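1. predicted model follows, preceded by the sequence.
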Amino acid sequence: MIDLETLIVEKDEQKTNDVLFDKDFGVSFKLLHLEKTELQQMIGQHTKMGWNKKHQQVEETDNEALTTDLLKKCVKGWKGVTYKWLATRMLLDRTKIQNMDEEIEFNQKNLLFITKRTTGIDAWIIEAIRESTNFTQQQIIETKN
């Protein structure tokens, strides 16, 4: 019988995978899977005790800082993020763009700009990071071949 603990991927061998976000434009994000314990630790780092109006102690989480740290840690790249695609998510001054099909360089600054200025991408990324099936699909394909 196999000991389940021996099947877990070690922290320094964590799995990254390209996860499709927008099929029409071929936009995908290279994401690092985050284990439950790591996620809980990050949440704990951004949670403090405060007081509500009824003078009861409550936990308060700095969601913006938590989201920023999760994005920095878990998004390792992207594909298909072009000016043309970005123009479907926000108003751009197209007169300043020479090639709408040019892929935008991936870096932390661009990542945070896009996720803060568009609706839903940051929430989708966080959910995708937590969903382990996004990181096992490649293993399934390799097993079938």
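-> Good, I have the coordinates.
2. can you pull out the strands in this protein?
-> Per DSSP state E, the chain carries strands over the ranges 16-22, 27-32, 47-51, 57-61, 75-79.
3. most neighbours per residue, which of those?
-> strand 27-32 (a mean of 20; mean count of other CB atoms under 10 Å). Where you see a C-beta, it was placed from the backbone N, CA and C, and this is true even at glycine.
4. quick one: that one to chain centroid distance?
-> 7 Å (CA atoms, centre = their mean, to the nearest Å).
5. give me the sheet partners of that strand and which way each runs.
-> strand 16-22 (antiparallel), strand 75-79 (antiparallel) (DSSP bridges).
6. how close does residue 75 sit to residue 95?
-> 30 Å (CB to CB, to the nearest Å).
7. pull the longest helix from this protein.
-> Taking DSSP state H as the criterion, the chain has its longest helix at helix 63-74.
8. just checking, what packs against it?
-> Packed against helix 63-74, as judged by 3 or more CB pairs under 8 Å, 6 or more residues apart in numbering; DSSP states H and E, are the following elements: strand 27-32, helix 36-45, helix 108-117, helix 121-130.
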